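Colleague: Provided below are the primary sequence and the corresponding predicted coordinates.
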Amino acid sequence: MLKNKKTIGVIGGMGPEATVDFFRWVVHLTTARSDIDHPHLLIDNNPQIPSRIKAILDHGPSPLPVMLRMAQKLVLSGAKIIVIPCNTASYFIPSLQKKINVPILNIIEETVFWINNHYPNIKKVGIMATIPTLKTGLYQQELIKFKIEPIVPTLNIVRKLIMSATHGRRGIKSGYHSTPRRKLIKSLKYYRQLGAEAIILGCTEIPLVLRPKDSSLILINPTKILAQAVISRAI
C-alpha cells in the first residue's frame, strides 16, 4: 500500500467521454497490486459548463464562474491537486489558479514539457486542435518556449476536418466515431506537407478515435500525458 497519496480533483464534463477517457488512463497507468494502491479521484462531471468555444470566440458566457465553484467544491472535499482534461479550458487556468490554493495541472504545459523530454530532437510539431485553442495560441506559445516550431494548417482545414470531426452534427461530441476518424486521418496529410514531425492531439475528443497506428507521424496524446503527470504528483 502506498501511503500519503494525494486526492485528485477532476473538473470534468468537457466533454463527458473525454473525462471517462482521462479516468481510464489514470487507472491504466497506475502501478497497483490491488484497489488500495490507486489514487483517490473526485470527479465532478458537469456538462453544463458554458461553452469554452463561444466564450473565447463569440463573447459568450464565461465558463470560469462554474469552473470556480466546481474547483472550490473539490478542494472542500479534500482534493490536493486539480486537473482539467480539456485543452481549450486551459485558457482559463491562470484566472482560476488565482482563486484556488491547490495546484492546477495544465494539460498544455505538461504535454509540451513531455515532448521536450521524450523527443528532444523534434523541431516541428503540429497542433491538431479546435479554433479557439489555436487562436489563443496556447500550444504555440508553450512550444516556442522550448524552441519547437508549431505547425498549424489553414483555418479552412481546421474548420472542415477538425472542428467538424469534434463538434460537428455527426462529430465525436455527438457520439459518432467512424466519420470523425476518417476526417482526422485526412487532415494528417496537411500536417505532413507542412513538415510536422509529430502531432499533438490537442482536443481531448481526438484521441478517442485517432490512434498511433493511423499515421507514420508521432501522435501525442495530451490526455494520457496529463494522467501520467497527475499520478506522479499524487503518489
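Modeller: Cool, got the structure. Numbering: from 1, shown residues only.
Colleague: for this structure, what spans make up the helices?
Modeller: 16-29, 52-57, 64-76, 93-97, 107-118, 131-135, 138-145, 155-157, 164-167, 178-193, 222-234 (DSSP state H).
Colleague: which secondary structure elements does the last one contact?
Modeller: Where contact means 3 or more C-beta pairs under 8 Å, 6 or more residues apart in numbering; DSSP states H and E, helix 222-234 is packed against helix 16-29, strand 81-83, strand 104-105, helix 107-118. Yep, even glycine has a C-beta here, placed from its N, CA and C like the rest.
Colleague: pull out the buried residues from that helix.
Modeller: In terms of neighbour count (16 or more other C-beta atoms under 10 Å), helix 222-234 has its buried residues at Pro222, Thr223, Lys224, Ile225, Leu226, Ala227, Gln228, Ala229, Val230, Ile231, Ala234.
Colleague: go through the residues you listed and name the one nearest Pro39.
Modeller: Ala234 (4.4 Å; C-beta to C-beta).
Colleague: pLDDT score assigned to the closest one?
Modeller: Among the per-residue scores, Ala234 shows a pLDDT of 95.
Colleague: residues contacting it?
Modeller: Shown in contact with Ala234 (C-beta atoms under 8 Å, 6 or more residues apart in numbering): Lys5, Lys6, Thr7, Ile8, Pro39, Lys80, Ile81.
Colleague: top of those by neighbour count?
Modeller: Within the contacts of Ala234, neighbour counts (other C-beta atoms under 10 Å) peak at Ile8, which reaches 26 neighbours.
Colleague: ok, Ile84 to Ile200 distance?
Modeller: Counting by C-beta to C-beta, to the nearest Å, the separation of Ile84 from Ile200 is 17 Å.
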